[in-house]
Structure formats: structure tokens, C-alpha cells
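>>> no FASTA, just this:
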């Protein structure tokens, strides 16, 4: 059981959980593994705009170079840029220092293996074991080099420019960079849109990342789109691996809608491998109905983009994603890339000549009610094994019928059980969700 790594790396409050010492130890443990496999490994490292970046980067670099690893620091860049550089610039690993959509007080360490894929569970567990046991075996004569390499960012930007829509696109876009990583790249990547583009969240100060902006705070962006009569609002999270949109009427177009739009596009071009799309158990039930209607197969995984990617890689699927805005377009990237997904969506708008609201209309979202019930580890175990709880859930399924679903799952990160009910009838979803949560609370 991993204790340091979650579904997206090591993440926590800086100087409480994620300390300078822990970062150095992660660097030392990773260095021990890499130098076991190669004499002089190369690691690329960068991060988002948090003020804690410099401290954590220096600590990681110290741990790595002590073990004979050469470290190349790019500076501010998106998470998918680290994945791209790791895969295409002959690096043995890549490290992104970011806590994604979390506030600035948090930070994290995401590690990518040589091919640009997130580090495997087995390697993460080995890093933890080395740290807990203090097994930093290194050659005392081995001293890696550290050098700054900001020029590497242009290689990622140049690659992204190859994905710019080829069909002429005359739209007015409002782009929110969340005062995060995309503030360093978006203006170049989306320059093809010309002067009819307004950028928000492009003045990072170390503390304002995700602060009432970006993909987790869409209200201001929606207001701007309506106020300026823009055609689309584009919102990234702090490290730009997520993307959500706002249509021309100010309505949110979340990851499920984006997945549906891109699935239909790839299907029409004969690129939707095995006619299959990968999502998670939290993907809206409306997407399942959309897939069924259009002859696609939908495969749900555990929550977390790493599990979506694992399923994609297992069978060679082309597309997968999460409601939160992680979208993996496998022909173009090894991880979720918000700016890449935005380019694909803009290309679809250009190809069809349709406004975003019309494109999103291919899927009907089922109204959703979610309630969290407090539960310790024993309570979480009951959810999986107690026949009384199974009977409660079965009864709810019968009441919902074909036009709804219920999902009851223990959280992997918090002491709660999440109860989610979806139905075409909002009042029914709310009633059943409240009823189930009350009954489960009594049993726990």
C-alpha cells in the first residue's frame, strides 16, 4: 500500500507533508533506481508557478545529482510538456513540480518514466520503500551535473503548433490560464486566433494560481464570454493538463461533453480505435447513453487519469478522459494535455462550422446528486461487503430504472463514502440520494 504517492504523484501542503527533506529523499530514491539501470541518467525537471517551486526543485536536484544523475531544469511549463520532453528528448525520467488544481499552499511531485508515461505503481512503491528503509546506495565518486535549460520549452510549443486547426477559424476566444503553467505557453500556441483573443489569469505571482480562476472557478470566465459575446471560453487548471470550456451562451462544457465531441469526430474520421472510449465510474450516465446511441463501446475505470491511460494502453484505444477535464488523445500525447485538447476542440468547430453549444448538444447530461457520508476504514469495508448495504443499493437501482444509475464508492483520499445518483428526473435523483445516504449513515 502506497503512503506517499497518490493517484497523481506525491502531493500535500508544503512544509507540513511535502517538506524539503522529503523532496530530496524522493530525488535520492529515484536517482538510486535510475543509476542502477544506466550509468549517467538524464532527468528533465520543471513546475508550475507556485512560490514553493524553487525550494522543492533544488531539493530534488540535490538528491538526484548526489546519485550521479544529470538534471536539466526548464522552469515554468505545463505537466504535459514534461511528458513530451521526457519522451522526445531522450530523458530517462521527467519530474513535474505541481499540485495541479489545488491552491498555492499545496505542491506535488509527478514523475514520468522514459517513454513519457507516468511512473508505474511498482516504481512508486519502490521509491517509497527506499525512502522508508534509507537504502540510498550510490557511488561516492558519482556527481551529476545540474544545468538550466529553458530553451527546451520551445520544443513543446513547436510541437503544439503542428496541431493547430488547418481549417480557417474565425472566432473570439477568452482563455483563462489560471495564473499557472499555461501562462508561459498559451499566447504562443493560440496566436493563430489573432487579435480576437482575450487572456485571463496570465499574471502569476507565486500565490494566485487557481485563485478564483481557471478550470475550477469558471464563473468569471462565463461572465466574460457573455459580456464580450465571445464564441468560446477556454479554461486550464494550474498545470494545464486539464481543460474545460464555456460555450457562447456562458454554459459549462465539461470533460464528458468534450469527450463526446471528440469521440464523434474521431469516429467519423475512422480513428476511434475499436469504436471504444474510456472514461471513469464518475463519467456522467448521459455519456453511456450517447455511446450506446452512436454505436460506441464505453469502458469505465477507477477515478484517476492514470487508470484511464492504463486501459487505453492495454488495448490500443484512441481516446479517454474524465469529467474534470483530463482528456487523453493517444495519437498525440502520452498524458492529458489541456492545450492540446483545446486545439482539437477548436479544430472540430472549424470543420463543422457549428457553435460549441450545437456540438455539445449531441450528449444529454443526466442531472446528478452527490452526498458524502463520513466513514472510517471499517465503514469503507462495510460498503463493499455488507449485504444490507447491497440491498439498499439494489432497491435504489430498481427505483431508478433504465433512465438513471447509482454509484456508492469509498473515497481513496478522504474518510468518506461518496454516494452519487443520476436520473433524468432531478427530484428523483435527489430523493434517492438522500434516502440512501440516510440509510447508510445509520448502518455505519
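In hand now; what should we look at? Because the structure is predicted, anything quoted here is derived from the model rather than measured.
>>> ok, residue 148 to residue 89 distance?
Distance, residue 148 to residue 89, by C-beta to C-beta, to the nearest Å: 15 Å. All C-beta spots, glycine's among them, are computed from the backbone N, C-alpha and C.
>>> what about those two, which has more around it?
residue 89 (16 against 11; other C-beta atoms under 10 Å).
>>> tell me the contacts of that one?
44, 152, 155 (C-beta atoms under 8 Å, 6 or more residues apart in numbering).
>>> let's see that with 10 Å instead.
42, 44, 72, 116, 149, 152, 155-156 (C-beta atoms under 10 Å, 6 or more residues apart in numbering).
>>> neighbour-wise, which one of those residues leads?
Highest neighbour count within those, by other C-beta under 10 Å: residue 44, with 27 neighbours.
>>> now, the contacts of residue 89 that are in strands?
42, 44, 72 (DSSP state E).
>>> ok, back up a step: and of the contacts of residue 89, the nearest to residue 354?
Proximity of the contacts of residue 89 to residue 354 (C-beta to C-beta) peaks at residue 156, which lies at 30.0 Å.
>>> what segments of the stretch 1-150 of the chain are strands?
5-6, 9-13, 42-47, 70-76, 93-97, 106-113, 146-148 (DSSP state E, counting those that start in this stretch).
>>> what's the angle from the second one to strand 106-113?
Strand 9-13 and strand 106-113 are oriented at 170 degrees to each other (axes from the mean of the first three to the mean of the last three C-alpha atoms, to 10 degrees).
>>> just the helices in the stretch 1-150 of the chain please.
20-37, 53-65, 79-88, 121-133 (DSSP state H, counting those that start in this stretch).
>>> circling back to that earlier point, redo the strands of the stretch 1-150 of the chain as a markdown table? Include mean pLDDT.
Listed next are the strands of the stretch 1-150 of the chain as a markdown table, based on pLDDT from 0 to 100:
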| stretch | mean pLDDT |
| --- | --- |
| strand 5-6 | 88 |
| strand 9-13 | 94 |
| strand 42-47 | 98 |
| strand 70-76 | 98 |
| strand 93-97 | 98 |
| strand 106-113 | 97 |
| strand 146-148 | 97 |
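>>> which one of those lies closest to residue 314?
Judging the strands of the stretch 1-150 of the chain by C-beta to C-beta, what sits closest to residue 314 is strand 106-113, at 16.6 Å.
>>> buried set for that closest one?
Buried residues in strand 106-113, counting neighbours by 16 or more other C-beta atoms under 10 Å, are found at 106-113.
>>> between these, which is nearest residue 183?
The closest of these to residue 183 turns out to be residue 107 (C-beta to C-beta; 17.1 Å).
>>> hey, what's the closest one bridged with?
residue 12 (DSSP bridges).
>>> mind listing what it touches?
By C-beta under 10 Å, 6+ apart, the residues touching residue 107 are 10-15, 17-18, 23, 47-48, 50-53, 55-56, 97-100.
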